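# Give me a 3D structure for the following:
(chains A and B)
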Amino acid sequence: MMDEAKRDRGLLRIDTDECKGCGLCVEACPPKVIRLSDRLNHSGYRTAIYAGKGCSGCGICFMACPEPGAITVMRLTNRKSDVSTGLEGATQCAGN
Amino acid sequence: MSSEMVSEYTVVHEKAKSFYESYDRKEELPHQTHFCPGCGHGIVHKMLAQAIDELGIQDKTILVGPIGCSVFTYYYFDVGNVSAAHGRAPAVATAMKRSRPESIVIGYQGDGDLSAIGSAEILHAANRGEHITVIFVNNGIYSMTGGQAAPTTLLGQKSTTTPGGRSAATEGYPLHVSELLATLQAPVYIERVGLGDNKQIAQAKRAIKRAVENQVRGLGFSLVEVLSPCPTIWKMPPVEAQHWVNDVMEKTFPLAVLCDRTKEAVPRPLAAAGPALEDIPHLLGVHEEGLPEGNSAAIKRPAEDLDLRVRVAGFGGQGVLLLGEVLAEAGLDAGLEVSWLPSYGPEIRSGTSNCHVRLAGRPIDSPLVVEPNVLLAMNEPSLRKFYASVHPDGWILYNGETIPEECNRKDVHVLACQFSQVADELGDPRVANMVMLGALLEIAAVLPEASIDAALLRLVKNQRWVQLDERALARGRELYKEAEVSHACRG
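As a prediction, this is how the structure comes out:
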């Protein structure tokens, strides 16, 4: 279905409603794949956004973030399966 | 169809289960915390919630919240929550842990809360080695109230109360609470961590989990101090504030494990349960055998409009409080609504002492007696202090031969008598209070004698005194009947 070699080890999901744009995750991220948005959210914050690729799934941004649920970190895992499932939903998250 | 290896993304870090999904206790914006952007509290909250998740103790955790920015722990943590008065979290946590030893009790305090107003509580909780965990978030300033200097404020650091920067000469040195507590013998684990960079954050998470785990293992008192940024009050962007923790704050408060006795600490057995309720009278030396039956059933319902407001005043040691207590206890026995409010100075003997007693047919609104209908003045200063407050048509019982001229009121009844002298003749001047009470009982005539006897037996332990008190009460009743009562001139 897709080229496994090109897929990142990690994936980020950022809740732009919860994020307050403090930028600690941007500072903390080792591969530097998070930045602050150019546009303000409805609360007036420039929120963190994921660059869309390059996440290693280390989870450091998650611990550096002061909001309980603003960041969710996923990691690529292998499992045996008869059908390929679960990818569609996850990859969509990379867009935010 | 044959099986094949597939790769998929699985969640590895997400909002801890110990947080509420939505913070419905907040009135607005229930999807995010009330903390400022970049606040360290949010990070410490996450670490604590994760530790609770990982240890599987959500259902038995009680979090004791402080006063300060993190006062709203109960908005976020889906665990048992209690808010303590300013600085008192360790004392509240002590009580909770002792009464619910199976619970995991975690105190969460800021530096203004813990190191200033709560410095005594934390010191003694640590010194007792209470089986609690304390998370101490130190940002070096009072943030919630707008940036006043705290005991932890750094030398030279500006605050609203140290506008020129903290000076050792006038404000003293930053208080090193963790070092101070580490000198005690009881704590098992004290560590200072920071939120200054990724490495520190990872260590802080480990330390917090360890501190909670120590309690799960029953080892004893653990405290983790977290150096935490406050971008708003420090007036720095969040990232700069984070660096400031690392570059500046840490120089004054070095990160270190200050005390670690977890290896040699032996899990201590849970505190013995308190005595059973039925054993308490025996432990207090109150023997129910031989006590007269309660009279509440025997007497008819008291008049609804009964409202006896008594002020008893005298020197400490004259039995002022006991007099009031016997009266209230007897009222209780007789099925009345009662209140007894002692009020005395720091001196036990020779200081002034007075108490407010109310006996009423209806529930009592306030235990304060501002306008008594009976004043028992056991000495002259008390008479002078309270005579004017007596309700018209009320009574003044004065322990003295005659009322001083200037305290004479025409609109009240007076019984002036050398009660102490009478008591002395009975065997001990100290029962003057009971002689006066006897007279009062005769005047008020609302309590059956059996209720007075029951109250005396409950409150006076020594049999000899009980007998003496009973004689004194009887004598007091006679005194009222005999005495020339100066009646009020009405209207």
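
# Find the closest residue to chain B in chain A.
Residue of chain A nearest chain B, by Cβ to the nearest Cβ: residue A:66 (2.8 Å). Where you see a C-beta, it was placed from the backbone N, CA and C, and this is true even at glycine.

# show me the contacts for that residue.
For residue A:66, the contact set (Cβ atoms under 8 Å, 6 or more residues apart in numbering or on different chains) comprises A:20, A:22, A:24, B:33, B:35, B:37-43, B:46.

# let's see it at 6 Å
Contacts for residue A:66 (Cβ atoms under 6 Å, 6 or more residues apart in numbering or on different chains) come out as B:39, B:42-43.

# Among those, name the buried ones.
Applying a neighbour-count criterion of 16 or more other Cβ atoms under 10 Å in any protein chain shown, the buried members of these are B:39, B:42-43.

# Just send the residues you listed back as TSV, with distance to chain A, pLDDT and secondary structure too.
Formatted as TSV, the buried ones among the contacts of residue A:66 follow (distance: Cβ to the nearest Cβ, whole Å; pLDDT from 0 to 100; DSSP: H, G, I helix; E, B strand; the rest coil):
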residue	distance to chain A	pLDDT	secondary structure
B:39	5	95	coil
B:42	3	96	helix
B:43	5	97	helix
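
# Count the neighbours of residue 32 for me.
You didn't pick a chain, so chain A it is. 11 (other Cβ atoms under 10 Å in any protein chain shown).

# wrong chain, I was asking about chain B
Neighbours of residue B:32 (other Cβ under 10 Å): 20.

# gap between it and residue B:66?
Taken as Cβ to Cβ, to the nearest Å, the spacing of residue B:32 relative to residue B:66 amounts to 21 Å.

# who in chain A is up against chain B?
Chain A comes close to chain B at residues A:11, A:17-18, A:20, A:22-24, A:27-28, A:59-60, A:62-64, A:66-69, A:72-78, A:80-82, A:84, A:86-87, A:90, as judged by Cβ under 6 Å from any Cβ of the partner chain.

# So among these, which ones count as buried?
Among the residues of chain A next to chain B, those buried by neighbour count (16+ other Cβ under 10 Å) are A:11, A:18, A:20, A:22-24, A:27-28, A:59-60, A:62-64, A:66-69, A:72-76, A:90.

# Now go through those and say which are in helices.
Among those, the members found in helices (DSSP state H) are A:24, A:27-28, A:60, A:62-64, A:90.

# tell me which of those is nearest to residue B:117?
Within these, the smallest distance to residue B:117 is 30.3 Å, found for residue A:24 (Cβ to Cβ).

# who touches that closest one in this structure?
A:64, B:38, B:238.

# Would you format the residues you listed as TSV with pLDDT and distance to residue B:81 included?
Listed next are the contacts of residue A:24 as TSV, based on pLDDT from 0 to 100; distance: Cβ to Cβ, whole Å:
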residue	pLDDT	distance to residue B:81
A:64	97	26
B:38	94	25
B:238	95	27
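
# Pick the one among those closest to residue B:144.
residue B:38 (16.0 Å).

# Not counting its neighbours along the chain, what's nearest that closest one?
For residue B:38, ignoring the flanking residues on the chain, the nearest one in space by Cβ to Cβ, 6 or more residues apart in numbering or on different chains is residue B:238 at 2.5 Å.

# so what's the backbone phi/psi at the one you found?
phi -50, psi -40 (degrees, to the nearest 10).

# Check what contacts stretch B:174-190 and list those residues.
Residues from elsewhere that reach stretch B:174-190, judged by Cβ under 6 Å, 6+ apart: B:115, B:126-127, B:129, B:151-152, B:154, B:192, B:214, B:219-223, B:225, B:252, B:258-262, B:265.

# Give the other helices and strands that the longest strand along chain A contacts.
In chain A, taking DSSP state E as the definition, the longest strand is strand A:71-81. Secondary-structure packing of strand A:71-81 (3 or more Cβ pairs under 6 Å, 6 or more residues apart in numbering or on different chains; DSSP states H and E): strand A:10-14, helix A:60-64, strand B:4-13.

# how far out from the middle of the chain is that strand?
13 Å (Cα atoms, centre = their mean, to the nearest Å).

# quick check: angle from that strand to strand A:10-14?
Counting by axes from the mean of the first three to the mean of the last three Cα atoms, to 10 degrees, strand A:71-81 lies at 140 degrees to strand A:10-14.

# where in the stretch 251-400 of chain B is pLDDT low?
For the stretch 251-400 of chain B, the stretches flagged by pLDDT under 70 are B:270-271, B:287-302, B:345-351.

# Over in it, which residue gets nearest chain A? Let me know.
Per Cβ to the nearest Cβ, residue B:255 is where the stretch 251-400 of chain B lies closest to chain A, at 16.7 Å.

# which residues touch that residue?
B:192-194.

# of those residues, buried ones?
Among the contacts of residue B:255, those classed as buried by 16+ other Cβ under 10 Å are B:192-194.

# just those now: which is nearest residue B:333?
Ranked by distance to residue B:333 (Cβ to Cβ), the buried ones among the contacts of residue B:255 are led by residue B:192 at 57.8 Å.

# Now do the contacts for that closest one.
Taking Cβ under 6 Å, 6+ apart, we find residue B:192 in contact with B:178, B:225, B:255-256.

# what residues does stretch B:466-480 touch?
Applying Cβ under 6 Å, 6+ apart, the external contacts of stretch B:466-480 come out as B:417, B:426-427, B:431, B:434-435, B:438-439, B:442, B:456, B:460.

# of all the residues you listed, which comes closest to residue B:5?
Comparing the contacts of stretch B:466-480 against residue B:5 with Cβ to Cβ places residue B:460 closest, at 86.0 Å.

# Please, which helix or strand holds the spatially closest residue to that closest one that is not a sequence neighbour?
Leaving aside its chain neighbours, residue B:460 sits nearest to residue B:466 (5.0 Å; criterion: Cβ to Cβ, 6+ apart). Taking DSSP states H and E as the criterion, residue B:466 maps to helix B:463-482.

# now do residue B:452
Assigning secondary structure by DSSP H and E places residue B:452 in helix B:449-459.

# Convert the C-alpha atoms of that helix to PDB, please.
What follows is helix B:449-459, C-alpha atoms only, in PDB (Å, rounded to 0.1, in the frame of the first residue of the first chain):
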ATOM      1  CA  GLU B 449     -32.600  18.400  88.900                       C
ATOM      2  CA  ALA B 450     -31.900  15.000  87.400                       C
ATOM      3  CA  SER B 451     -30.400  16.700  84.300                       C
ATOM      4  CA  ILE B 452     -28.100  18.700  86.500                       C
ATOM      5  CA  ASP B 453     -27.000  15.600  88.300                       C
ATOM      6  CA  ALA B 454     -26.400  13.800  85.100                       C
ATOM      7  CA  ALA B 455     -24.400  16.700  83.700                       C
ATOM      8  CA  LEU B 456     -22.300  16.900  86.900                       C
ATOM      9  CA  LEU B 457     -21.500  13.200  86.800                       C
ATOM     10  CA  ARG B 458     -20.400  13.500  83.200                       C
ATOM     11  CA  LEU B 459     -18.200  16.500  83.700                       C
END
